[in-house]
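Here is a sequence with its predicted model. Questions after.
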Amino acid sequence: MIERFKPVWQRWLVRRIPAATRIVLDHRRIFILPTRNGAAFAGLLLLMLLVGINYQNSLAYGLTFLLLSVGLLGIVHTYRNLSGLVISAGAARAVFVGETVLLRLRLDSAGPAHQCIGVGWDALSLLRSNVPAAGNSELELSLPAQARGWLRAPRLRVESVFPLGLLRAWTWLDLEQTVLIYPQPVAGRMPLQAGVQPHAEDDGQLTRGQGVDDYQGLRSYQPGDNLRRLHWKAWSRGQGLLVKDFNDLSGHDLCLDFTVLDGDIEQRLSRLCYWVLELSQRQQPFAMRLPGFEVAIDSGDGHRETCLRALALYGVR
């Protein structure tokens, strides 16, 4: 029965609490119901009332209505502990398949403090945080990266049982958090474009040479490197010991080609992903060709991100 009504609940929730990257909690977004302890408390009050009626005991009446007033005040304070809280989505870093996605959240208060706020993807695994008055608190939630492409975070549960634990105020929020998932890098033979690279059989070894003609950029210093190639300006700026890297590629450009690889689509994309990272680390210019899409030869962080994005979104709608 619950599974049958889930689609109806989700459609109603979308209309009630639309997706946004920043949401302020108010009466339209907060739900409140008794917890198990609250239900037991209500049952106890009913029992005490019946005892008072049966024995016409004024003390029983007084205690029952006193506890009832405490419970009613608990409704107000439990609601107020969530009301006015601002939930914002932070930036998320792209990861590779098999890694863990870290999603950042920011909780802000423009007024009183918010105590013991639970945040998570479900009611069983919540992170607790206190938000100081006129202050903020930051949290990181994790999700597994199981497939390449865009990962859309599910609705976020925010709840509180403060102060008495008799009632639970909660909400479900869609903060429009999406993260790009790259293919998992898998080592293997360099997939050079057939008929273009005469050194396809070198498995990329020519890109490792310490040449003197082709300046490729800077790389980290390793024991045994020529001290004359140290980049002293970078060291003076606090960037560490870097070495000027020169490669002798005999005038041949590298082009990673999807079509020369064996295996299924995911295996090919994983192999290409590995070589995109490897050549980018060597600061070696390269091109990449996918069916229906080609990245021109270039190098640098921007070029690497362009190639990884193309691999992550290949064939994904």
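Perfect, thanks for sending it.

got a list of what residue 316 touches?
Counting by CB atoms under 8 Å, 6 or more residues apart in numbering, residue 316 makes contact with 148, 149, 150. C-beta here means a position set from N, CA and C on the backbone, and glycine is covered the same way.

Quick check: bridge partners of the last one?
This points to residue 150. With DSSP bridges as the criterion, residue 150 is bridged to residue 180.

Show the pLDDT at it.
Among the per-residue scores, residue 150 shows a pLDDT of 94.

What segments of the stretch 101-250 of the chain are strands?
Assigned by DSSP state E, counting those that start in this stretch, the stretch 101-250 of the chain shows strands spanning 114-122, 125-131, 136-144, 149-152, 156-160, 167-173, 178-182, 214-220, 242-247.

what about those strands, which gets the closest to residue 253?
When the strands of the stretch 101-250 of the chain are compared by CB to CB, strand 214-220 sits nearest residue 253, at 11.1 Å.

Averaged pLDDT, that closest one. What do you get?
Averaging pLDDT along strand 214-220 gives 62.

before we move on, what about stretch 46-53?
Per-residue pLDDT over stretch 46-53 has a mean of 92.

Give me the buried positions along that stretch.
Using 16 or more other CB atoms under 10 Å as the test for burial, stretch 46-53 gives 48, 49, 52.

picking that back up, dump the strands of the stretch 101-250 of the chain into a markdown table; add mean neighbour count and distance to residue 259 as well.
As requested, the strands of the stretch 101-250 of the chain are exported to a markdown table (neighbours: other CB atoms under 10 Å; distance: least, CB to CB, whole Å):
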| stretch | mean neighbour count | distance to residue 259 |
| --- | --- | --- |
| strand 114-122 | 17 | 40 |
| strand 125-131 | 14 | 44 |
| strand 136-144 | 14 | 31 |
| strand 149-152 | 15 | 21 |
| strand 156-160 | 22 | 42 |
| strand 167-173 | 21 | 44 |
| strand 178-182 | 19 | 21 |
| strand 214-220 | 15 | 27 |
| strand 242-247 | 18 | 26 |
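
what sits against the closest residue in space to residue 161 that isn't next to it in sequence?
Using CB to CB, 6 or more residues apart in numbering and skipping residues adjacent in sequence, the residue nearest residue 161 is residue 168, 5.1 Å away. With contact taken as CB under 8 Å, 6+ apart, residue 168 is in contact with 32, 33, 34, 35, 38, 78, 159, 160, 161.
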